[in-house]
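Q: Sequence first, then the predicted structure:
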Amino acid sequence: MIDLDDISGYERLDPSGLNRRLHDLPAQCDQAWREAKNTDIPDGWRQCTEVIVAGMGGSAIAGNLAADLIDPLSGTSIRVVRDFSIPGISANSRQLVVACSFSGETEETISMFNHAQSVGVSMVAIVGGGTMSRLATNAGIPIMTVDAPGEPRSAVGCNLMLLSSLLNSIGAISLTDANVAAAVAAAESMVSQVGVEVPTETNPAKQLAKDLQGGLSVVYGGGSLSGMALRWKSQINENGKSWAFAEVLPELFHNSVESFPASPEIKQRTTALLLRPHQTTPELGKRYDVIAETLNGFGIKNRTFTGVSGGGLAQSLAMVVLGDHVTYYMGLLNENNPSETPSIDLSKKRLSGQDRSF
């Protein structure tokens, strides 16, 4: 098994330097926030009551994270759609569709883009180039450019900050430059605690990766960390090359808890990861307490990770950094290149008819 404190292992299994991209996420966020200010926002968008983020995979997750930044009393809601079409949209509505694609070639996202355009709903594209960028340009649809190296999931900081700037401009959320600076500082602080140069004995991300190796991870999130559960789950899949599932509080009390007594052979290999906001309502806080007690009562391993103090964006960015490093180390421990996604690539070839080996 790889020694996470031996740099030669990183050079062998991570030739593209994903660890450097993880390290640079705070700077990526700062740059994207600054560049987003150059986007002209039509006045009419400030009256929208629903923002629909259309995308897939690493490009869509920013929508879930941004939704967690919305004040419950806000007059604007966020909906994330991962599909071929977008239900419930109409022309002359107060809706705004944000089509997100890192490559600009994602089949499902292009399909949703075309659907939204045919309906005549207000649109903006957050895209790195490719076909969707050309379609948006030709249609006169505003573009916010994703400028980040590597794989789509590594551009989460750029995507989130572009989307947050847009939401801030239309009044859906409230962010200041000072808020963003504090959030970037929180992310930098987390990098300093979990980066590759920090030895395992003082590195919580390396320690957790070792604990999770070879097992099943179930990620629980609620409140302002609801979307974060899905981010951690997908990163355990993609970076860590491991099985994981995500659940949301309080919903899991109405179904998932019923499985806790069953299947001892699964329970002994399962770890529940509770992502708890720094501040919760009394109702949600009680449910975090009770779910931990319930897991303990049934002998299911569990760990709680509480968000950092400060605003919602600071909590989100710091938790992204922690989860990304944990899953990166999981991939290395599994003797895999954490950047590559061969099974996703194979699936895309089969869907396109290029591979008929099955």
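A: Arrived safely.

Q: I'd like the average pLDDT over stretch 201-215.
A: Averaging the model's pLDDT scores along stretch 201-215 yields 97.

Q: What lies in contact with it?
A: Residues outside stretch 201-215 that contact it (CB atoms under 8 Å, 6 or more residues apart in numbering) are 4-5, 193-194, 198-200, 236, 240, 242, 269-271, 303, 322, 325-330, 332-334. To be clear about C-beta, it is placed using only N, CA and C from the backbone, and glycine gets the same treatment.

Q: Buried residues in that stretch, which are they?
A: Residues 203-210, 212 are the ones in stretch 201-215 that count as buried (16 or more other CB atoms under 10 Å).

Q: and if you look at stretch 242-258?
A: Buried-residue list, stretch 242-258, by 16+ other CB under 10 Å: 242, 244-249, 252, 256.

Q: For stretch 129-141, which residues meet the burial criterion?
A: Applying 16+ other CB under 10 Å to stretch 129-141 flags 129, 131-133, 135-136, 141 as buried.

Q: What of stretch 299-314?
A: 300-303, 305-308, 310-314.

Q: export the residues you listed to JSON lines and tack on secondary structure?
A: Shown next, in JSON lines, are the buried residues of stretch 299-314 (DSSP: H, G, I helix; E, B strand; the rest coil):
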{"residue": "I300", "secondary structure": "coil"}
{"residue": "K301", "secondary structure": "strand"}
{"residue": "N302", "secondary structure": "strand"}
{"residue": "R303", "secondary structure": "strand"}
{"residue": "F305", "secondary structure": "strand"}
{"residue": "T306", "secondary structure": "strand"}
{"residue": "G307", "secondary structure": "coil"}
{"residue": "V308", "secondary structure": "coil"}
{"residue": "G310", "secondary structure": "coil"}
{"residue": "G311", "secondary structure": "coil"}
{"residue": "G312", "secondary structure": "helix"}
{"residue": "L313", "secondary structure": "helix"}
{"residue": "A314", "secondary structure": "helix"}
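
Q: could you pull out the strands for the stretch 1-150 of the chain?
A: Using DSSP state E, counting those that start in this stretch, the strands of the stretch 1-150 of the chain run over residues 50-54, 77-81, 95-101, 122-127, 143-145.

Q: so where do the helices sit in the stretch 51-200 of the chain?
A: Assigned by DSSP state H, counting those that start in this stretch, the stretch 51-200 of the chain shows helices spanning 57-67, 107-119, 130-139, 156-169, 177-194.

Q: For W232, which of the ones you listed is the nearest?
A: helix 57-67 (10.3 Å; CB to CB).

Q: what does the average pLDDT come to for that closest one?
A: 96.

Q: What angle do helix 156-169 and that helix make with each other?
A: Relative orientation of helix 57-67 versus helix 156-169 (axes from the mean of the first three to the mean of the last three CA atoms, to 10 degrees): 40 degrees.

Q: okay, the buried residues of stretch 299-314 in a markdown table with distance to R46 and pLDDT next?
A: Formatted as a markdown table, these follow (distance: CB to CB, whole Å; pLDDT from 0 to 100):
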| residue | distance to R46 | pLDDT |
| --- | --- | --- |
| I300 | 47 | 97 |
| K301 | 48 | 97 |
| N302 | 43 | 98 |
| R303 | 42 | 98 |
| F305 | 36 | 98 |
| T306 | 35 | 97 |
| G307 | 30 | 97 |
| V308 | 31 | 97 |
| G310 | 27 | 88 |
| G311 | 22 | 92 |
| G312 | 21 | 95 |
| L313 | 21 | 97 |
| A314 | 26 | 98 |
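
Q: Give me the number of neighbouring residues for N114.
A: 15 (other CB atoms under 10 Å).

Q: Give me the distance between it and Q95.
A: 16 Å (CB to CB, to the nearest Å).

Q: swap in L73?
A: Counting by CB to CB, the gap from L73 to Q95 is 20 Å.

Q: More neighbours: which of those two?
A: Comparing L73 with Q95 by neighbour count (other CB under 10 Å), the higher total belongs to Q95, at 21 against 5.

Q: wait, doesn't the more buried one sit right on I89?
A: Yes. Counting by CB atoms under 8 Å, Q95 touches I89, with 5.7 Å between them.

Q: Tell me the residues that contact both of those two, please.
A: By CB under 8 Å, 6+ apart, Q95 and I89 have these common neighbours: 52, 121.

Q: How far does stretch 50-59 sit from its chain's centre?
A: From the chain centre to the centre of stretch 50-59 is a distance of 11 Å (CA atoms, centre = their mean, to the nearest Å).

Q: Same question for stretch 336-348.
A: 18 Å.

Q: same check, this time on stretch 207-219
A: 19 Å.

Q: returning to that earlier point: filter the contacts of stretch 201-215 to the buried ones?
A: 4, 194, 198, 236, 240, 242, 270-271, 303, 322, 325-330, 332-334.
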